[in-house]
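Trainee: here's a sequence, model it:
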Amino acid sequence: MTVDIRTLLIALMINLVTIALALPAVMGRVNVPARRAQWSAALQAGGWVLILLSGLVERGSAVDWALSSASMTCMAVSLALLGAAFDLWCGRRTHDRWLGALAVLMPLGYALGFSNYAFRVGWANGLLAMQMILVAVAVGRLPALPVGRWRWLVVASMLAQAVVTLWRGVLGAFFTDAYPRFLTPHPVNHASAVVALATSMLTLVGILLAHRDEAARELERLATLDGLTGVFNRRAWLDLARARFSASLRYGHTMAVLMIDLDHFKQINDAHGHDAGDRALALVAREMQAAARAGDIVGRYGGEEFCVLMAQADDEAARRFDQRLRRRLSEVAMAELGFEIGYSAGVSHCRDAGDSLDAMVKRADAALYRAKDAGRARTLDTSFGVLQAA
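Mentor: Next up is the predicted model:
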């Protein structure tokens, strides 16, 4: 039984329009990759609508030229946006420039060479196939983030589409007499329509799973980071610090824990308001991260108290961190907050192989409160010697 090619293409168009309408409803316009995927689906649907409309007008007319050129523009830009969306979902912030370049070159060449049937068919299908291959290669590359196996669905879909698209392009460019018109019941047209129907659904599944992966990563991020300051929350800091502590013990590295508490924080809230207090906490967290070395773990321990685990750190490393942080706060606090901000801190070091992170935190906390009792604005070590005074 032969299925009418026009029926297949109408089914494909309905399928793509449904996908284009459903994606924003399901995903929401939550972020850049989601919006690009939604625009990609909308343009893909629009491209097929225009292709079918072009078959209803006089062949070679100005209207045919306009509809056909617009459809090719939609198709090419759709693939460029889809590739950019998947790049972002894979953790890559840079995109393949060739995808964007082909999205411009293909419709431009198609419009200029429209009167030459062999050229326009070979040019459009050849460059669309190249775009599909580039999307497949980009998605198949090792991602910068942990992602699911959905990417292989996308790779398979893009390569399958590339094969039938290239097939049509080669026939049109080099075997023009054997190549049918778009609506002719020919194996290449049937294959293209069936593959497009199947791969549109597989690509939709890939988009939704990629979006789900991103949502799961965001939930994990929210579960580990303090919502106000952006540094690790207490639970996440302790988990990471314990793992780093065990590794440092195994390799015999020195470690330091700093407990930092903002001075006169209640007075800041009373005098300037809780919003100013929140901004002060966020600023301190930002400057702590800037002052920290690569590998140091910064967290918010609770309230106005912060903590830092420094691996391979002796007294001098802790002192330098403290100096950097106090200097940075003195430079930016007045300009950004409108008032000065200071802190007291306690430092402890790993004593021996029998030491523990919890014990280090307790010693650093004791040194911190001794610093408070001694007049604030200073950093004491566990022997209660002054490492730094403001």
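Trainee: quick one: average pLDDT of stretch 49-69?
Mentor: For stretch 49-69, the mean per-residue pLDDT is 90.
Trainee: likewise for stretch 24-37?
Mentor: 86.
Trainee: now that stretch: buried residues?
Mentor: Within stretch 24-37, the residues scored as buried using 16 or more other C-beta atoms under 10 Å are P24, M27, N31, P33, A34, R35, R36, A37. (Each C-beta comes from the backbone N, C-alpha and C, glycine too.)
Trainee: got the contact list for that stretch?
Mentor: Here stretch 24-37 makes contact (C-beta atoms under 8 Å, 6 or more residues apart in numbering) with 23, 38, 81-82, 84-86, 88-89, 207-208, 210-211, 214.
Trainee: backbone dihedrals for the spatially closest residue to A236 that is not a sequence neighbour, please?
Mentor: Among residues not flanking A236 along the chain, T224 sits closest, at 3.8 Å (C-beta to C-beta, 6 or more residues apart in numbering). The phi and psi values for T224, taken as degrees, to the nearest 10, are phi -110, psi -20.
Trainee: one more: V257?
Mentor: phi -120, psi 130.
Trainee: confidence score at it?
Mentor: 95.
Trainee: from the contacts of stretch 24-37, which land in helices?
Mentor: 23, 38, 81-82, 84-86, 88-89, 207-208, 210-211, 214 (DSSP state H).
Trainee: and L145, what does it touch?
Mentor: With C-beta under 8 Å, 6+ apart, L145 has these contacts: W89, C90, G91, D213, R217.
Trainee: now these: which count as buried?
Mentor: For the contacts of L145, buried by 16+ other C-beta under 10 Å: W89, C90, D213.
Trainee: nearest to A290, of the contacts of stretch 24-37?
Mentor: Using C-beta to C-beta, L88 is the member of the contacts of stretch 24-37 that sits closest to A290, with 26.5 Å.
Trainee: re the thing from before, tell me the two of the contacts of L145 that are most distant?
Mentor: C90 and R217 (11.7 Å).
Trainee: now do the nearest residue to L23 once chain neighbours are set aside against S78, distance only.
Mentor: Once flanking residues are discounted, L23 sits nearest to Q38: 4.7 Å by C-beta to C-beta, 6+ apart. Distance from Q38 to S78, counting by C-beta to C-beta, to the nearest Å: 11 Å.
Trainee: now E287
Mentor: Separation of E287 from S78 (C-beta to C-beta) stands at 45 Å.
Trainee: which of these two has more neighbours?
Mentor: S78 (24 against 20; other C-beta atoms under 10 Å).
Trainee: looks like the more buried one contacts G47 (just checking).
Mentor: Yes. Counting by C-beta atoms under 8 Å, S78 does reach G47; the two are 6.4 Å apart.
Trainee: could you chop the chain up by domain?
Mentor: Domain ranges of the chain: 5-224, 234-389, per automatic domain parsing.
Trainee: just to revisit the earlier point, may I ask which of the contacts of L145 comes out lowest in pLDDT?
Mentor: R217 (85).
Trainee: that residue: which element?
Mentor: helix 187-224 (DSSP states H and E).
Trainee: name the next helix or strand following that helix along the chain.
Mentor: Remark: after helix 187-224, the chain's next helix or strand is helix 234-251, criterion DSSP H and E.
Trainee: mind exporting the C-alpha coordinates of that next one to PDB?
Mentor: What follows is helix 234-251, C-alpha atoms only, in PDB (Å, rounded to 0.1, in the frame of the first residue of the first chain):
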ATOM      1  CA  ARG A 234      26.200  24.300  56.100                       C
ATOM      2  CA  ARG A 235      25.300  20.800  55.100                       C
ATOM      3  CA  ALA A 236      27.000  20.900  51.700                       C
ATOM      4  CA  TRP A 237      30.100  22.600  53.200                       C
ATOM      5  CA  LEU A 238      30.400  19.900  55.800                       C
ATOM      6  CA  ASP A 239      30.000  17.100  53.200                       C
ATOM      7  CA  LEU A 240      32.600  18.600  50.900                       C
ATOM      8  CA  ALA A 241      35.000  19.500  53.700                       C
ATOM      9  CA  ARG A 242      34.900  16.000  55.200                       C
ATOM     10  CA  ALA A 243      35.800  14.600  51.800                       C
ATOM     11  CA  ARG A 244      38.600  17.100  51.300                       C
ATOM     12  CA  PHE A 245      39.700  16.500  54.900                       C
ATOM     13  CA  SER A 246      40.000  12.700  54.400                       C
ATOM     14  CA  ALA A 247      42.000  13.200  51.200                       C
ATOM     15  CA  SER A 248      44.300  15.600  52.800                       C
ATOM     16  CA  LEU A 249      44.900  13.300  55.700                       C
ATOM     17  CA  ARG A 250      45.700  10.400  53.300                       C
ATOM     18  CA  TYR A 251      48.300  12.500  51.600                       C
END
